[in-house]
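Asker: Let's see this in three dimensions:
(2 chains)
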Protein chains: 2
Amino acid sequence: MTYAYLGPEGTFTESAVRRLAGGSVRDAVPFPSVPAAVESLVSGRSERAVVPLENSVSGVVPATLGELVTHAGRIRIDAQLSIGVSFDLMAAAGTELSDVRRVVTHPHAHGQCGRWVRRHLPHAELVTAASTAEAARAVADRTAPRDAAIASSAAAARYGLTVLASDIGARQDAMTRFVSLRRSGPEGPPTDRDRTALLITSDRSDPGVLTGVLGELSARQVSVTWIQSWPRPAEHGRYHFLVEVDGHITEGGLAEAVVAMRRGVDSLTLLGSYPYLVDHALVGERTAA
Amino acid sequence: MTYAYLGPEGTFTESAVRRLAGGSVRDAVPFPSVPAAVESLVSGRSERAVVPLENSVSGVVPATLGELVTHAGRIRIDAQLSIGVSFDLMAAAGTELSDVRRVVTHPHAHGQCGRWVRRHLPHAELVTAASTAEAARAVADRTAPRDAAIASSAAAARYGLTVLASDIGARQDAMTRFVSLRRSGPEGPPTDRDRTALLITSDRSDPGVLTGVLGELSARQVSVTWIQSWPRPAEHGRYHFLVEVDGHITEGGLAEAVVAMRRGVDSLTLLGSYPYLVDHALVGERTAA
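Answerer: Below you'll find the model as predicted:
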């Protein structure tokens, strides 16, 4: 199986690819952005694209929602995986904590590690990078020994950096949810832990549209796990709804609800029925990798 | 009135501040991040904080949702403003389009201007900055004449750069919606264009919770304009709901619905009732500023 993923090497996304693929990664290619990874899938150069959907502390990844909406009908979610993410402070060998003058990382990681940095490195300058792994790579490439990056322990291993402090995020239980995408085709069979994602568009603006749609689900005991409005660029102030529910599209209650929902809206597109996997233990695995 | 806003100077947010304040900006201070601007408000150093909530092309700004959830009860939305945003390519005086070797901007702007850049500057290296205005500032500060930034025309004016190409985004109708925040206190009086935002939390996980909540609104002819799930970090897989509806909290149907909704959930916090303003014409104003 060939994978496109949000790179560079050493991102949490790469850890997710390894976990999702089991032993069967033939080829995993890092891409510089979510759209670039998805484009590799859509154009047929990759069989799967793995990108982050949401972090439990910093919220949704809008670029991924945008790709799901843009390519609805052409791509499907075929798995989701939540993994524990933790942040380490790392620098070139020989750098001491007291040497650090600049701290480089992704803005989300700055947010989650801000308290630790203010306490332990109150005078450090904060510099942003496009990803945590990109920050680690930048620190590894540079000759100045005064910089440190905040990234995963996998990034420290990948770029030959020394960890100065481990697990410095504000929340030890932070998780990131990744989606694995494939090109459209028949859904896989149900498992015992499926979710289904739908993209719903209605041109009606009366108060009952969303209530009606969700009512078809609750009437059949289908739980909504997640819902997001996504803007329709050409129609100011109007939105698509991305709705995720428990269960597989072939299962009785949900299959029936979807038929009923289609009657009340202008468009309803299946974004996938997929197993939802949670791996709290991956931090250790990642460290060993 | 003193304003904190997402800087640096020359951001679209600064344009929004000027528009929201009318002639009454006593003090507008740029901050390097959304949390830093909001902190200035919460701590009492500013009377308002203005930050982006959503762009019609690139979607929601998660950092702003995070601040609304974190400070719910302490801060309120007191106005929203949507303005047209357009992107220009700019460089130091004397730089020609054919000289440009690197293009610097925010990842969202790279996304929206990618097609133009691939066509007109196919060999340019793409570099990310923390904001479009930050990109303009970096280009202005640098001595190398080969860089160009993608930013607003206000940023070109602010940093003394020459516009090489105007309005290079994929969509000419792109809009960004900004929120103006204040500390909690009585709501302003209704206008004829109000919206109300609510933060809803339920510990029940049965299928009917969200349907029940929205049903109280639709039963009273209140339209939901927007809804977002926001993760609850300590409870994996559970969410708050941010719901925005038409109307003012003191108006009959909505006031009644909120009373009924409170009965069905664990917590419902008012995030504000506020006028929602749309200004398609601001692009011209901004250019003149």
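
Asker: Contact distance from chain B - what residues of the stretch 51-200 of chain A qualify?
Answerer: Within the stretch 51-200 of chain A, the residues that sit near chain B (C-beta under 8 Å from any C-beta of the partner chain) are A:54-63, A:65-66, A:82, A:107, A:110-111, A:114, A:128, A:130, A:171, A:173-175. Bear in mind the C-beta positions are built from the backbone N, C-alpha and C, glycine included.

Asker: Mind giving me the PyMOL command for buried ones among those residues?
Answerer: Entered in PyMOL, the line below selects the buried ones among these, by 16 or more other C-beta atoms under 10 Å in any protein chain shown:
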select buried, chain A and resi 54+55+56+57+58+59+60+61+62+63+65+66+82+107+110+111+114+128+130+174+175
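
Asker: In strands, which of the residues of the stretch 51-200 of chain A next to chain B fall?
Answerer: A:Glu54, A:Asn55, A:Gly59, A:Val60, A:Ser82, A:Thr128, A:Met175 (DSSP state E).

Asker: Among those, which one sits closest to chain B?
Answerer: A:Gly59 (3.5 Å; C-beta to the nearest C-beta).

Asker: mind listing what that closest one touches?
Answerer: B:Pro62, B:Ala63, B:Leu65, B:Gly66, B:Trp230, B:Pro231 (C-beta atoms under 8 Å, 6 or more residues apart in numbering or on different chains).

Asker: filter these down to the ones near chain A?
Answerer: Within those, those near chain A by C-beta under 8 Å from any C-beta are B:Pro62, B:Ala63, B:Leu65, B:Gly66, B:Trp230, B:Pro231.

Asker: domain assignment for chain A?
Answerer: A:2-84+A:175-279, A:88-173 (automatic domain parsing).

Asker: Now tabulate those in a markdown table and tack on mean pLDDT and distance to B:Val213.
Answerer: Output for the domains of chain A, formatted as a markdown table (pLDDT from 0 to 100; distance: least, C-beta to C-beta, whole Å):
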| stretch | mean pLDDT | distance to B:Val213 |
| --- | --- | --- |
| domain A:2-84+A:175-279 | 92 | 9 |
| domain A:88-173 | 89 | 27 |
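
Asker: quick check, the host helix or strand of A:Gly215 touching chain B?
Answerer: Using DSSP states H and E, A:Gly215 maps to helix A:208-218. Yes: counting by C-beta under 8 Å from any C-beta, contacts between helix A:208-218 and chain B involve A:Gly208, A:Leu210, A:Thr211, A:Gly212, A:Leu214, A:Gly215, A:Leu217, A:Ser218.

Asker: nearest spatial neighbour of the first one, skipping sequence neighbours?
Answerer: In this case it means A:Gly208. B:Ser218 (4.4 Å; C-beta to C-beta, 6 or more residues apart in numbering or on different chains).

Asker: From A:Gly215, how far out is that neighbour?
Answerer: Going from B:Ser218 to A:Gly215 by C-beta to C-beta, to the nearest Å gives 9 Å.

Asker: And for A:Thr196?
Answerer: Taken as C-beta to C-beta, the span from A:Thr196 to A:Gly215 is 17 Å.

Asker: just checking, what packs against the helix holding A:Gly215?
Answerer: strand A:224-231, strand A:239-246, helix A:252-264, helix B:208-218, strand B:224-231 (3 or more C-beta pairs under 8 Å, 6 or more residues apart in numbering or on different chains; DSSP states H and E).

Asker: Run a quick neighbour tally on the closest residue to A:Gly185 other than its chain neighbours.
Answerer: Closest residue in space to A:Gly185, ignoring its immediate chain neighbours: A:Arg76 at 7.3 Å, by C-beta to C-beta, 6+ apart. Residues lying near A:Arg76 (other C-beta atoms under 10 Å in any protein chain shown) number 25.

Asker: Could you give the bridge partners of A:Arg76?
Answerer: A:Arg182 (DSSP bridges).

Asker: Report the contact partners of it.
Answerer: Applying C-beta under 8 Å, 6+ apart, the residues near A:Arg76 are A:Leu181, A:Arg182, A:Arg183, A:Ser184, A:Gly185, A:Glu187, A:Leu270, A:Leu271, A:Gly272, A:Tyr274.

Asker: Which of these ranks first by neighbour count?
Answerer: Ranking the contacts of A:Arg76 using other C-beta under 10 Å puts A:Leu181 first, with 28 neighbours.

Asker: my read: that one touches A:Asp78, true?
Answerer: Yes: taking C-beta atoms under 8 Å as the definition, A:Leu181 is a contact partner of A:Asp78 at 6.9 Å.

Asker: related to what we said a few turns ago, which of the helices and strands packed on helix A:208-218 sits closest to B:Leu97?
Answerer: strand A:224-231 (31.5 Å; C-beta to C-beta).

Asker: Put the alpha carbons of the closest one into CSV.
Answerer: The C-alpha trace of strand A:224-231 is given here as CSV (Å, rounded to 0.1, in the frame of the first residue of the first chain):
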residue,chain,number,x,y,z
VAL,A,224,-24.4,12.2,16.3
THR,A,225,-20.8,12.2,17.4
TRP,A,226,-19.6,15.4,15.7
ILE,A,227,-20.9,18.2,13.5
GLN,A,228,-19.2,21.1,11.8
SER,A,229,-20.5,23.9,9.6
TRP,A,230,-18.3,24.6,6.5
PRO,A,231,-18.8,27.8,4.5
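
Asker: elements contacting it?
Answerer: Strand A:224-231 packs on helix A:62-70, helix A:208-218, strand A:239-246, strand B:59-60, helix B:208-218, strand B:224-231, strand B:239-246, going by 3+ C-beta pairs under 8 Å, 6+ apart.

Asker: would CSV of these with distance to A:Ala149 be doable?
Answerer: CSV is the format used below for the helices and strands packed on strand A:224-231 (distance: least, C-beta to C-beta, whole Å):
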stretch, distance to A:Ala149
helix A:62-70, 22
helix A:208-218, 43
strand A:239-246, 33
strand B:59-60, 27
helix B:208-218, 40
strand B:224-231, 25
strand B:239-246, 31
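
Asker: So for B:Ser86, which of the ones you listed sits nearest?
Answerer: strand B:59-60 (18.0 Å).

Asker: who does that closest one pair up with?
Answerer: Going by DSSP bridges, the partners of strand B:59-60 are strand B:48-55 (antiparallel).

Asker: And the closest residue to A:Thr250 other than its chain neighbours, how far from chain B?
Answerer: Computed as C-beta to C-beta, 6+ apart, the closest residue to A:Thr250 that is not its neighbour in sequence is A:Pro190, at 6.0 Å. In this view, A:Pro190 and chain B are 18 Å apart by C-beta to the nearest C-beta, to the nearest Å.

Asker: got a list of what A:Pro190 touches?
Answerer: A:His248, A:Thr250, A:Glu251, A:Ser273 are the contacts of A:Pro190 under C-beta under 8 Å, 6+ apart.

Asker: Any idea which of the helices and strands packed on strand A:224-231 gets closest to A:Gly7?
Answerer: helix A:62-70 (13.9 Å).
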